[in-house]
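Trainee: Sequence plus the predicted model coming up.
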Amino acid sequence: MANRKRTKTSSSIRRKDTRTAYAFISPWIIGFVCFTLFPIIFMFRVSLTNRKLNGVSEFSGMQNYVNMFKSGIFWNSIWVTLFFTIVMVIVTTIWAVIMALLLNQKQKLNGIFQFCYFLPSVIPSVALAYAFRTIFGKEAGLFNAFLSIFAGKNVAVNWLYDHATVYMVVFFITLFTYNTGQMMLIFRSGLSDVPMELYEACELDGAGAAKKFFSVTLPMISPLVLFNAVNGCVSALNGSFALLYPLTGESGNPDGMTQVLSLLIYKEAFSNMKVGYSCALSVVLFLIAALFGALLFGLSQKLVYYEN
Amino acid sequence: MKSAKTKKRVSQLWLYLLKTIVAVIMFLPIIWIATGGFKTLTEFTTSSRIIPQNFTLENFTYIFRSSNIFLYVRNTVLLMLGTTIGTLFSSSLVAYPLARMEFKGKNLIFSIIIATMMIPNIALIIPQYIMFGKIGWLDSLLPMIIPAFFAYPYNVFLFRQYFRSIPKELDESATIDGCSRVQIFFKVLVPLSKPTYATIAVLSCVFWWNELTQPVFYINSDEWRTLTMALMTSYMYTSGNAFVINWPSIMAAATLMILPPMLLYFFGNRFLVGGIKTTGLKG
Amino acid sequence: MKAKKLAAMLMTTVLACGMLAGCGSSGQESSEPAAEAPAEEAGEASAEAPAEGGGKITICTWNEQNPNDDLNMYLQCEKATGVDLEVTVIPESDYSSKLNQMVATGDDSIDVYIIWESDIANFAEAGGILPLDDYLEGSDIDTGDFIDAVAKLSDGLGATYGLPWCAATEILFYNQDMFDAAGLDYPTNDWAYADFLAAAEKLTQKDGDNTSVYGCALPNVQTWWAGIGGAGDQIYDPATGQLVIGAGAEEFVGDCADMVSKGIMPEPSSDTADLFASGKAAMAWAGSWNIGTYGDTLGFNWDIATLPTNKVKYNTLHTGFYTINANSKDPENAWKVVEYLMSKEGQTINSKASGNMSALKTIAEEGAWKVESATTIENWDAMTDSLAAGIFGYTCLPAGVTGNAVSNFNSAAMGQSTPEEAVKASSDYAAETIGY
C-alpha cells in the first residue's frame, strides 16, 4: 500500500479512495447515528423527565437520579449485577477450560462428547430456564429426587427460593449458556496449538498432570483466558435478561437476589410504566458497560501488541 | 513395561468416566425437556421420573392442532432471514474499506465500531423502544430487521478480519484490469469469502432463533410472536387459568425448538464450530 | 467517474432500504391468512354459514379460548354477528403492560380490548378508547342493571367507556374426600378464619418430616390480597391511589409463615404447580374461574365455599371491561361484537364456560354460571355470597407494585424475612413507585 502510494504520488487517488471508502461505510454511519448515537442522547434526555409508558412526560431535572440513589432496590440491583457478571465469568471460564481439557485428550467417541458438551449452548435460554426451574423444583424436582437416592431419605431443598442455594443454582445454569460453549471451543483450538514438545519436556522432569497444567498449559492459553473473561463480562450484561427473566422473574426472586439491572429496567418501564426512571437506570447500565468495555479495549490492544 | 501399559489403560478408563459424567450433566436438561413433552401435567408436577409413566402425545397434538405454531415458526424464520441477509450484506460492505483501503478517519471509525461492540443492547433498548414506537414499528419485526441492514459492529469486525487475510495483490491486479472498487468487492472478495459468509450466516441464525430479549420488548400481539416468546406466553398456561403453568406443553414446544439447532450442528458443524473458534480468536 | 461510483453506492443503499420495505410489507400480507387459520378451521367445523357478512375485528384477552365450540363465546359471536372475529391472547403476566404500550403508540391492530380495572381510567383519559354512550342508546344493554361495585368504578369517568365482561370472585376450593378421611365437617359460607386454620392443620398428612398432603395451598398472587383484606387492611385507597397495608398484612403473612414452617402450607417453588388439582393440597384459595377449568377433570370430590371470614368478609372482585380502541378502523363492527358479548346469549356462554357470573344482575340470577360439568359442587351460594362481599382492591394498583409485594410476602412466608419487614418493603416500594 505504502509502496503504491509513493510510486503513484497522486493525492487524487487517495481522495477518490476516501470517497469510495465512505460510500462503502455509509450504511454503518447511518445505522450508528440512528440506532446508537441518537438513542444514547435521547436516553440521557428522557432520564431527566418523568415520562410514562403512555408517552406523557414532563421535565423533572435530576429527580430520577435522586430517587434512584435513595432506592435500596437500585443499590441491591447494582450489587447483584456486578456480582452476577463477575462470578458468572469466573465460573463459566473455569468450566469451559475443564471441558476443553477433557476434549483435548484424544480418545474415541470424542465427537459424541463434543456434541453433548456443546449442544446445550445453542438451545434457547428460555427453554433452559424452564427446564431448570423444574429440575430444581422443590416438590417434584429431578435434582432433589437424585439427592434422595444418596441421602436415603426424602430431600426437599427449595433450590431457587432458598437464599443459601439460589446463587449456586443460577451459576450452575450459566454453565449451559451460549457463552460457555463458545469459550470451550476457543480454548479447544487454543489448547491444540500448544506445542507437544513443551509437555514432553515437562514429563521428562517427572511432572504430574497438575504441574503440567499450571506450568505449561495455563501460561500458554493465558491470553485467551484474559480475552474470554472480559468478553464474557459484556455478554453476561447482555445475556442475563434472557436467562433470568424466565428463570426468576422480573422481581428477581427470592428477595431481589437475582434482580440484575436489566430486569429492573424492564420492570420499571413495563410493569410500573416509569419510562423516565427506567432511562436513568439504563444510563447507569450504559456506564457500567462502558467500564467493562474500556477494560476489554485496553486488554485487546495489549494482546494485539503481543501477537506482533 | 506391562504395568505401564495397564496404568495407561486405567487412566484412559478414568478419563472416559470423567468425560461421560460431564456429558451426562451437560446433556441432562435436553433429555429432561425431550421426555417432559410426553408427560401429563399431573405426572410432571408430582413425579420426578425421567421416563414418562403415562406416555401421552396430547402436548404435541395441542401444539399442532390448537396453537398458532406455524405462525410463530414463520415469524421466527422471517426474523432470522431478514436479519441475516441484512447483516451479511451491510456488514461485509462496511468491512471492505476498513480491511483493504487507506482513507482519512479510518482509525477513528474503526475505534468507534470496536467501542460500540461493547455496548450491550439492553442498555439502549428503552430509548430505542420509544423511538420505534414513534415511527410506528412496534409490534412488528422491523425494529430488529431494519438495524441489521445498517451493519452490526461485531460482524463488521469479523468480516474485516477475514478480508485482511486475503492477499492484497488480488486487488491490485484487478485494478490494473480496470475493475472499480465495487467490482473488486463483488467479483474478487465475495467469491473468495464464501466460507466466511456461511459462518456468519450460521452464527446469526442461531442467535436470532434463540433471541428472547428484543422480541419481549418490541412485540405485543400474537401475530408477530416468535417461538421463544410463544414459549413464555402461548404455551405457558393451561387454558382458562393463568396461574397454572403447563410445564409439559412448554417442554414439548421446547423440544421442537431444539431440533433445528441440533440438525444444524450435525450438518453445519464445520461453520458453527469453526466460526465460533475464529470469531473469538481473532479478537 | 467518482460521481458515478458514489451514485452506485447510494443506489445500493437505497436498494437495501427497498428490500427492507418489501420484506416488511410482504410479511404483513402473508401473515393474515396464517393468523386466521385456527378460527376459520373451527368455524368450518361447526359448518354453519355466518349471518350477513361483516368486517374483521380483533379482540384481545388473557385467556385461551374454550376448546369446546359451544362454550367458545368468540366463535358463537362470529356466527351470530357475521363479523370475522380474531382473538389475540396476551398472558395475564404482561397483559396490562402490553395494552398500555399499544394505547401509548396508537396501535390499531386490536379493535376490542378487554381492559382491567387499573387501566380503564388512564386509557379513557389518554383518549385511547371510545365513549360508548352513543352506541348504548340504541341497544338493549341496560347499564342500570350492573352490580354496584362495577357501577361505582365506572362513575367519575364522565362517560361509559367500558362494559364489564363478567364478575369473578375468589372462593375456597376443598377436597371433600380428604375432609371425610379426616372426619371434619365441610366448610360453610360462614366459616371463621380460626376454623380454617384448625382444619388446615388437621388435614395435613406427613410422611416423616415431609408433608405428603398440605392442609392448604399457598395463596397465589391474587389471594394473598384476599387474606390481607380479610385481616382488616384497606389495600387500595382510591383517594390517593396508594397501597395501604399494615397490621392486617403482618398478621396474615405471619400466619402463612407459621403454616409454612409447620408444613401445613407449601413453600413457593420454582416449579409452580396446582397442588389442589393434583391432590397434594386439601384446600386452596383461588379465583372462581377455576370451576370452569376443573369441571369434571379432577379425580376426587370437591366443593366450594366463600373464603373464611377473618375480621371482615373480603375477597377481591375481578372483572375487565369491553372497550373499543379509539384507533379502530371499524368501530361499528367492533360495537356489534361487544353488543353480542354483553347480550344474554354472550354472557350466558361466558358464564357456562368460565364459571364467572355476569355483572348484569338479571342475567346472573338465571344461574348459567353453575358450571354443568362441575357435578360435585352443591354450595353454589358461595358464589353469590362472595360476589356480595367482593371489593375492587389490589387490581387497581400497578402490576409492578403488587408483584413486588407478593415477592416480599413469599420470602416472609419462607421465613427469610419477618412479616413486618415484608410489609415495610412493599409499602416503601409502592410509595416510591406510585405518584411518580
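Mentor: Structure received. Numbers count the residues shown, from 1 in each chain, chains lettered A, B, ... in the order given.
Trainee: Need the CA coordinates for stretch A:238-249. PDB is fine.
Mentor: Only the C-alpha atoms of stretch A:238-249 are listed here, as PDB (Å, rounded to 0.1, in the frame of the first residue of the first chain):
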ATOM      1  CA  ASN A 238     -26.400  -8.500  27.800                       C
ATOM      2  CA  GLY A 239     -27.500 -12.100  28.100                       C
ATOM      3  CA  SER A 240     -28.600 -12.100  31.800                       C
ATOM      4  CA  PHE A 241     -32.000 -10.800  30.900                       C
ATOM      5  CA  ALA A 242     -32.900 -13.700  28.500                       C
ATOM      6  CA  LEU A 243     -31.800 -16.200  31.200                       C
ATOM      7  CA  LEU A 244     -33.100 -14.600  34.400                       C
ATOM      8  CA  TYR A 245     -36.400 -13.200  33.200                       C
ATOM      9  CA  PRO A 246     -37.900 -16.700  32.600                       C
ATOM     10  CA  LEU A 247     -35.900 -18.200  35.500                       C
ATOM     11  CA  THR A 248     -36.600 -15.900  38.500                       C
ATOM     12  CA  GLY A 249     -39.000 -13.300  37.200                       C
END
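Trainee: can you give me how far it is from the chain middle?
Mentor: Stretch A:238-249 has its C-alpha centroid displaced from the chain centroid by 12 Å (C-alpha atoms, centre = their mean, to the nearest Å).
Trainee: likewise stretch C:113-133?
Mentor: With C-alpha atoms, centre = their mean, you get 17 Å for stretch C:113-133.
Trainee: and if you look at stretch B:255-273?
Mentor: Centre-to-centre, stretch B:255-273 and its host chain are 10 Å apart (C-alpha atoms, centre = their mean).
Trainee: what do you get for stretch B:148-155?
Mentor: With C-alpha atoms, centre = their mean, you get 15 Å for stretch B:148-155.
Trainee: Would it count as contacting chain A?
Mentor: Yes: against chain A, stretch B:148-155 shows contacts by C-beta under 8 Å from any C-beta of the partner chain at B:149, B:150, B:151, B:153. Bear in mind the C-beta positions are built from the backbone N, C-alpha and C, glycine included.
Trainee: Let me see the contact set for the last one.
Mentor: I take that to be residue B:153. Each residue near residue B:153 by C-beta atoms under 8 Å, 6 or more residues apart in numbering or on different chains is listed here: A:28, B:113, B:114, B:116, B:117.
Trainee: Return the member of those nearest to chain C.
Mentor: residue A:28 (10.9 Å; C-beta to the nearest C-beta).
Trainee: a strand runs through the closest one, doesn't it?
Mentor: No: using DSSP: H, G, I helix; E, B strand; the rest coil, the assignment for residue A:28 is helix, not a strand.
Trainee: pretty sure it contacts residue B:149?
Mentor: No: using C-beta atoms under 8 Å, residue A:28 makes no contact with residue B:149, being 10.6 Å away.
Trainee: any residues in contact with both of the two?
Mentor: Listed as contacting both residue A:28 and residue B:149 by C-beta under 8 Å, 6+ apart are residue B:90.
Trainee: Which single residue in chain C comes nearest to chain A?
Mentor: residue C:271 (2.7 Å).
Trainee: Could you dump the contacts of residue B:153 into CSV with secondary structure and pLDDT added?
Mentor: Below are the contacts of residue B:153 laid out as CSV (DSSP: H, G, I helix; E, B strand; the rest coil; pLDDT from 0 to 100):
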residue, secondary structure, pLDDT
A:28, helix, 94
B:113, helix, 89
B:114, helix, 81
B:116, helix, 85
B:117, helix, 81
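Trainee: measure the residue of chain A found nearest chain C to residue A:169 for me?
Mentor: Per C-beta to the nearest C-beta, residue A:137 is where chain A lies closest to chain C, at 2.7 Å. Using C-beta to C-beta, to the nearest Å, we find residue A:137 at a distance of 11 Å from residue A:169.
Trainee: Common neighbours of those two, please.
Mentor: A:159, A:160.
Trainee: which of the two has more neighbours?
Mentor: residue A:137 (27 against 22; other C-beta atoms under 10 Å in any protein chain shown).
Trainee: Can the host helix or strand of residue C:258 be said to contact chain A?
Mentor: For residue C:258, the host element (DSSP states H and E) is helix C:247-261. No: on the criterion C-beta under 8 Å from any C-beta, helix C:247-261 is out of touch with chain A, staying 10.4 Å away.
Trainee: What is that helix packed up against?
Mentor: Contacts defined by 3 or more C-beta pairs under 8 Å, 6 or more residues apart in numbering or on different chains; DSSP states H and E place helix C:247-261 against helix C:193-203, helix C:223-230, helix C:399-413, helix C:419-433.
Trainee: deepest of these, which one?
Mentor: helix C:223-230 (a mean of 27; mean count of other C-beta atoms under 10 Å in any protein chain shown).
Trainee: Name the residues that touch that one?
Mentor: Contacts for helix C:223-230 (C-beta under 8 Å, 6+ apart): C:170, C:193, C:219, C:235, C:245, C:248-249, C:252-253, C:255-256, C:285-286, C:307-316, C:391, C:393-394, C:402, C:405-406, C:409.
Trainee: part of a strand, is the residue of chain A closest to chain C?
Mentor: No: looking at residue A:137 with three-state DSSP, it is coil, so not inside a strand.
Trainee: any idea how far the lowest-mean-pLDDT helix or strand in chain B is from the chain center?
Mentor: Every helix and strand of chain B was ranked by mean pLDDT, DSSP states H and E. The lowest is helix B:247-281, at a mean of 81. What separates the centre of helix B:247-281 from the centre of its chain is 8 Å, taken as C-alpha atoms, centre = their mean.
Trainee: Before I go, just wanted to say thanks for your time.
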